[in-house]
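Visitor: My questions are about this predicted structure, shown below with the sequence.
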Amino acid sequence: MEMDRISVADEGVQSRRAPDLEPIVITEDLWKVYRSGKLEVAALRGVQLEVMPGEFVAIMGPSGCGKSTLLHVVGGLAQASRGRVLLDGNDLAKMSDGERTLLRRHKVGFVFQRFNLLPTLDARGNIAIAQHIHGDGFDPHRFEVVTGLLGLSERLSHRPTELSGGEQQRVAIARAIINEPKILLADEPTGNLDTKSSESVLRMLRQLNQELEQTIILITHNPEAAAYGHRVLHMRDGQIVDGVPAD
Ligand SMILES: Nc1ncnc2c1ncn2[C@@H]1O[C@H](COP(=O)(O)OP(=O)(O)OP(=O)(O)O)[C@@H](O)[C@H]1O
Ligand SMILES: [Mg+2]
(Lines give C-alpha, C1' and ligand atoms only; values in the text may rest on other atoms or scores of the structure.)
(Ligands and ions follow the chains in the order given, each with its own letter.)
Protein backbone atom coordinates (compact mmCIF):
# COMPACT_ATOMS: atom_id res chain seq x y z
CA MET A 1 0.00 0.00 0.00
CA GLU A 2 2.84 2.30 0.88
CA MET A 3 4.28 1.73 -2.55
CA ASP A 4 0.96 2.64 -4.17
CA ARG A 5 0.93 5.98 -2.51
CA ILE A 6 4.42 6.75 -3.71
CA SER A 7 3.83 5.62 -7.26
CA VAL A 8 0.61 7.62 -7.44
CA ALA A 9 2.56 10.79 -6.78
CA ASP A 10 5.26 9.65 -9.19
CA GLU A 11 2.92 9.01 -12.11
CA GLY A 12 0.44 11.69 -11.12
CA VAL A 13 -1.71 13.31 -13.78
CA GLN A 14 -0.06 16.64 -13.13
CA SER A 15 3.47 15.40 -13.62
CA ARG A 16 2.48 13.50 -16.76
CA ARG A 17 0.99 16.65 -18.24
CA ALA A 18 3.97 18.87 -17.52
CA PRO A 19 6.87 16.60 -16.63
CA ASP A 20 9.50 19.31 -16.58
CA LEU A 21 7.66 22.06 -14.80
CA GLU A 22 7.27 20.58 -11.34
CA PRO A 23 10.24 21.04 -9.03
CA ILE A 24 11.80 17.83 -7.67
CA VAL A 25 12.44 19.57 -4.37
CA ILE A 26 10.53 22.37 -2.71
CA THR A 27 11.23 23.57 0.79
CA GLU A 28 8.97 26.11 2.43
CA ASP A 29 10.09 27.98 5.54
CA LEU A 30 12.13 24.97 6.59
CA TRP A 31 13.39 24.90 10.17
CA LYS A 32 15.42 22.32 12.00
CA VAL A 33 16.10 22.77 15.69
CA TYR A 34 18.36 20.27 17.44
CA ARG A 35 17.78 19.89 21.15
CA SER A 36 20.28 18.35 23.50
CA GLY A 37 19.40 18.90 27.13
CA LYS A 38 18.69 22.57 27.64
CA LEU A 39 20.64 23.55 24.58
CA GLU A 40 18.86 24.34 21.33
CA VAL A 41 20.59 24.83 18.00
CA ALA A 42 18.53 26.15 15.11
CA ALA A 43 20.49 24.60 12.25
CA LEU A 44 17.93 25.63 9.62
CA ARG A 45 16.07 28.91 9.96
CA GLY A 46 13.49 29.20 7.26
CA VAL A 47 15.10 27.75 4.14
CA GLN A 48 13.28 28.37 0.86
CA LEU A 49 14.57 26.22 -1.96
CA GLU A 50 13.31 24.92 -5.29
CA VAL A 51 15.23 22.51 -7.48
CA MET A 52 13.94 21.73 -10.95
CA PRO A 53 14.40 18.41 -12.75
CA GLY A 54 17.75 18.27 -14.50
CA GLU A 55 19.34 21.01 -12.40
CA PHE A 56 22.80 20.74 -10.87
CA VAL A 57 22.72 23.00 -7.82
CA ALA A 58 25.77 23.65 -5.64
CA ILE A 59 25.36 24.85 -2.06
CA MET A 60 28.26 26.55 -0.31
CA GLY A 61 28.71 28.04 3.11
CA PRO A 62 30.91 28.05 6.20
CA SER A 63 31.19 25.08 8.53
CA GLY A 64 28.16 24.78 10.79
CA CYS A 65 25.82 26.87 8.61
CA GLY A 66 23.44 23.95 8.13
CA LYS A 67 24.40 22.44 4.77
CA SER A 68 24.41 18.79 5.87
CA THR A 69 21.28 19.33 7.93
CA LEU A 70 19.51 20.71 4.87
CA LEU A 71 20.53 17.72 2.79
CA HIS A 72 19.41 15.29 5.49
CA VAL A 73 16.01 16.93 5.85
CA VAL A 74 15.48 17.23 2.09
CA GLY A 75 16.43 13.58 1.63
CA GLY A 76 14.16 12.37 4.43
CA LEU A 77 16.99 11.22 6.73
CA ALA A 78 15.93 13.76 9.37
CA GLN A 79 12.62 15.44 10.10
CA ALA A 80 11.97 19.16 9.88
CA SER A 81 10.96 21.00 13.05
CA ARG A 82 8.80 23.41 11.08
CA GLY A 83 7.93 24.10 7.45
CA ARG A 84 7.61 21.68 4.57
CA VAL A 85 9.65 19.54 2.23
CA LEU A 86 8.03 18.34 -0.97
CA LEU A 87 10.10 15.66 -2.64
CA ASP A 88 8.80 14.90 -6.11
CA GLY A 89 5.39 16.06 -4.94
CA ASN A 90 5.42 14.06 -1.70
CA ASP A 91 5.07 15.97 1.57
CA LEU A 92 7.63 14.24 3.82
CA ALA A 93 5.93 15.34 7.05
CA LYS A 94 2.72 13.56 6.07
CA MET A 95 4.41 10.19 5.58
CA SER A 96 5.10 7.44 8.08
CA ASP A 97 8.69 6.36 8.74
CA GLY A 98 8.15 3.33 6.52
CA GLU A 99 6.79 5.41 3.67
CA ARG A 100 9.68 7.84 3.97
CA THR A 101 12.15 4.98 3.87
CA LEU A 102 10.58 3.67 0.69
CA LEU A 103 10.47 7.11 -0.87
CA ARG A 104 14.16 7.58 -0.05
CA ARG A 105 15.06 4.22 -1.48
CA HIS A 106 13.24 4.91 -4.73
CA LYS A 107 13.83 8.58 -5.31
CA VAL A 108 17.01 9.69 -3.55
CA GLY A 109 20.66 8.81 -3.97
CA PHE A 110 23.12 9.91 -1.30
CA VAL A 111 26.86 10.38 -1.54
CA PHE A 112 28.94 11.43 1.44
CA GLN A 113 32.52 12.43 2.10
CA ARG A 114 33.18 8.90 3.33
CA PHE A 115 32.62 6.29 0.68
CA ASN A 116 31.01 3.63 2.93
CA LEU A 117 31.74 0.77 0.56
CA LEU A 118 31.51 -2.85 1.70
CA PRO A 119 35.13 -4.05 1.98
CA THR A 120 34.43 -7.68 1.12
CA LEU A 121 32.66 -6.91 -2.16
CA ASP A 122 34.33 -5.80 -5.36
CA ALA A 123 33.18 -2.66 -7.18
CA ARG A 124 30.61 -4.62 -9.18
CA GLY A 125 29.16 -6.12 -6.01
CA ASN A 126 29.06 -2.78 -4.21
CA ILE A 127 27.04 -1.26 -7.05
CA ALA A 128 24.84 -4.26 -7.81
CA ILE A 129 23.82 -4.69 -4.19
CA ALA A 130 21.92 -1.41 -4.43
CA GLN A 131 19.88 -2.79 -7.31
CA HIS A 132 19.04 -5.88 -5.27
CA ILE A 133 18.04 -3.83 -2.21
CA HIS A 134 15.90 -1.67 -4.44
CA GLY A 135 13.94 -4.79 -5.35
CA ASP A 136 13.82 -4.48 -9.12
CA GLY A 137 16.77 -6.82 -9.63
CA PHE A 138 19.87 -6.37 -11.70
CA ASP A 139 19.57 -4.16 -14.80
CA PRO A 140 22.63 -4.87 -16.96
CA HIS A 141 22.01 -1.99 -19.36
CA ARG A 142 21.78 0.61 -16.62
CA PHE A 143 24.80 -0.94 -14.92
CA GLU A 144 26.88 -0.64 -18.09
CA VAL A 145 25.83 2.95 -18.81
CA VAL A 146 26.49 4.16 -15.26
CA THR A 147 29.80 2.38 -14.74
CA GLY A 148 30.93 3.48 -18.22
CA LEU A 149 30.13 7.15 -17.55
CA LEU A 150 31.95 6.93 -14.22
CA GLY A 151 35.03 5.40 -15.83
CA LEU A 152 34.77 2.20 -13.81
CA SER A 153 34.47 -0.43 -16.54
CA GLU A 154 38.04 -1.66 -16.02
CA ARG A 155 37.85 -1.58 -12.23
CA LEU A 156 34.76 -3.64 -11.53
CA SER A 157 36.53 -6.67 -10.11
CA HIS A 158 38.62 -4.63 -7.68
CA ARG A 159 37.79 -4.44 -4.00
CA PRO A 160 37.72 -1.03 -2.27
CA THR A 161 41.27 -1.47 -0.89
CA GLU A 162 42.47 -2.00 -4.46
CA LEU A 163 40.93 1.26 -5.67
CA SER A 164 42.11 4.86 -5.35
CA GLY A 165 40.04 7.31 -3.30
CA GLY A 166 38.61 8.85 -6.45
CA GLU A 167 37.67 5.44 -7.82
CA GLN A 168 36.04 4.47 -4.53
CA GLN A 169 33.97 7.63 -4.58
CA ARG A 170 32.97 6.93 -8.17
CA VAL A 171 31.80 3.46 -7.08
CA ALA A 172 29.79 5.13 -4.31
CA ILE A 173 28.26 7.51 -6.86
CA ALA A 174 27.42 4.60 -9.18
CA ARG A 175 25.74 2.84 -6.25
CA ALA A 176 23.78 6.00 -5.44
CA ILE A 177 22.39 6.50 -8.95
CA ILE A 178 22.11 2.94 -10.24
CA ASN A 179 18.38 2.86 -9.46
CA GLU A 180 17.69 6.12 -11.29
CA PRO A 181 16.86 8.30 -8.29
CA LYS A 182 15.03 11.55 -8.98
CA ILE A 183 17.77 13.39 -7.15
CA LEU A 184 21.37 12.81 -6.11
CA LEU A 185 22.30 14.50 -2.84
CA ALA A 186 26.07 14.79 -2.47
CA ASP A 187 27.54 16.09 0.79
CA GLU A 188 31.18 17.13 0.27
CA PRO A 189 31.85 14.18 -2.04
CA THR A 190 35.36 15.45 -2.78
CA GLY A 191 36.19 16.32 0.83
CA ASN A 192 38.55 13.34 1.19
CA LEU A 193 40.10 13.54 -2.26
CA ASP A 194 43.20 15.16 -3.70
CA THR A 195 42.82 17.85 -6.36
CA LYS A 196 43.16 15.52 -9.33
CA SER A 197 40.65 12.95 -8.04
CA SER A 198 38.29 15.74 -7.01
CA GLU A 199 38.33 17.12 -10.52
CA SER A 200 37.55 13.75 -12.06
CA VAL A 201 34.68 13.15 -9.63
CA LEU A 202 33.25 16.61 -10.32
CA ARG A 203 33.63 16.21 -14.08
CA MET A 204 31.78 12.95 -13.89
CA LEU A 205 29.00 14.43 -11.79
CA ARG A 206 28.60 17.05 -14.49
CA GLN A 207 28.54 14.33 -17.12
CA LEU A 208 25.85 12.39 -15.24
CA ASN A 209 23.86 15.59 -15.09
CA GLN A 210 24.30 16.31 -18.80
CA GLU A 211 23.98 12.84 -20.25
CA LEU A 212 21.53 11.17 -17.88
CA GLU A 213 19.77 14.38 -16.84
CA GLN A 214 20.52 13.45 -13.27
CA THR A 215 19.30 16.15 -10.89
CA ILE A 216 22.02 16.91 -8.34
CA ILE A 217 22.47 18.95 -5.18
CA LEU A 218 26.17 19.24 -4.36
CA ILE A 219 27.40 20.57 -1.05
CA THR A 220 30.92 21.88 -0.98
CA HIS A 221 33.28 24.28 0.74
CA ASN A 222 35.20 24.77 -2.43
CA PRO A 223 34.23 27.50 -4.92
CA GLU A 224 35.96 25.64 -7.75
CA ALA A 225 33.83 22.57 -7.04
CA ALA A 226 30.69 24.69 -6.78
CA ALA A 227 31.41 26.16 -10.21
CA TYR A 228 30.54 22.78 -11.74
CA GLY A 229 26.89 23.45 -10.87
CA HIS A 230 24.42 25.45 -12.96
CA ARG A 231 23.51 27.49 -9.94
CA VAL A 232 25.46 28.21 -6.76
CA LEU A 233 23.56 29.00 -3.56
CA HIS A 234 25.19 30.35 -0.42
CA MET A 235 24.10 29.43 3.08
CA ARG A 236 24.79 31.28 6.29
CA ASP A 237 23.40 30.68 9.76
CA GLY A 238 20.74 28.27 8.59
CA GLN A 239 19.48 30.30 5.67
CA ILE A 240 20.10 30.64 1.97
CA VAL A 241 21.40 34.16 1.71
CA ASP A 242 21.63 34.76 -2.03
CA GLY A 243 19.68 37.81 -3.00
CA VAL A 244 19.14 38.76 0.63
CA PRO A 245 20.70 42.13 1.39
CA ALA A 246 23.29 42.13 4.21
CA ASP A 247 22.12 43.93 7.35
N1 LIG B 1 22.66 15.83 15.58
C2 LIG B 1 22.89 17.07 15.99
N3 LIG B 1 22.61 17.45 17.26
C4 LIG B 1 22.81 18.71 17.69
N5 LIG B 1 23.31 19.69 16.90
C6 LIG B 1 23.62 19.37 15.63
C7 LIG B 1 23.43 18.05 15.11
N8 LIG B 1 23.83 18.05 13.81
C9 LIG B 1 24.24 19.28 13.54
N10 LIG B 1 24.13 20.09 14.61
C11 LIG B 1 24.44 21.54 14.68
O12 LIG B 1 23.69 22.19 13.68
C13 LIG B 1 24.48 23.18 13.02
C14 LIG B 1 24.56 22.87 11.52
O15 LIG B 1 25.31 21.67 11.33
P16 LIG B 1 25.58 21.03 9.90
O17 LIG B 1 26.26 19.74 10.12
O18 LIG B 1 24.32 21.03 9.13
O19 LIG B 1 26.58 22.12 9.27
P20 LIG B 1 27.42 22.06 7.92
O21 LIG B 1 27.14 23.34 7.21
O22 LIG B 1 27.17 20.81 7.20
O23 LIG B 1 28.92 22.10 8.46
P24 LIG B 1 30.25 21.42 7.85
O25 LIG B 1 30.63 22.29 6.68
O26 LIG B 1 31.22 21.50 8.97
O27 LIG B 1 29.92 20.02 7.45
C28 LIG B 1 25.82 23.19 13.73
O29 LIG B 1 25.79 24.19 14.71
C30 LIG B 1 25.90 21.83 14.36
O31 LIG B 1 26.68 21.84 15.51
MG1 LIG C 1 28.35 19.17 6.71
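Guide: Structure's in. What do you need? Ligands and ions are numbered 1, 2, ... in the order given.
Visitor: three-state assignment of the most centrally placed residue in the chain?
Guide: Central residue of the chain (CA atoms, centre = their mean): Leu185, 1.2 Å from the mean position. The assignment at Leu185 comes out as strand when based on DSSP: H, G, I helix; E, B strand; the rest coil.
Visitor: could we number from 6 for the rest of this?
Guide: Got it, the first residue is 6 from now on, which makes the last one we talked about Leu190.
Visitor: check contacts around it.
Guide: Residues near Leu190 by CB atoms under 8 Å, 6 or more residues apart in numbering: Leu76, Val79, Gly80, Val113, Gly114, Phe115, Val116, Ile222. Glycine gets a C-beta too; all of them are placed from N, C-alpha and C.
Visitor: How about Leu35?
Guide: Leu49, Gly51, Val52, Gln53, Leu54, Leu75, Val78, Ala85, Arg87, Gly88, Arg89, Val90.
Visitor: and the helix or strand containing Leu207, what does it pack onto?
Guide: For Leu207, the host element (DSSP states H and E) is helix 200-217. Under the contact definition 3 or more CB pairs under 8 Å, 6 or more residues apart in numbering; DSSP states H and E, helix 200-217 sits against strand 61-65, helix 145-154, helix 170-182, strand 188-192, strand 220-224.
Visitor: what angle do that helix and helix 170-182 make?
Guide: 30 degrees (axes from the mean of the first three to the mean of the last three CA atoms, to 10 degrees).
Visitor: Determine the angle, from 0 to 180 degrees, between helix 200-217 and strand 61-65.
Guide: In terms of direction (the same axes, to 10 degrees), helix 200-217 departs from strand 61-65 by 140 degrees.
Visitor: Give the buried residues for helix 200-217.
Guide: Ser202, Ser203, Glu204, Ser205, Val206, Leu207, Met209, Leu210, Arg211, Leu213, Asn214, Leu217 (16 or more other CB atoms under 10 Å).
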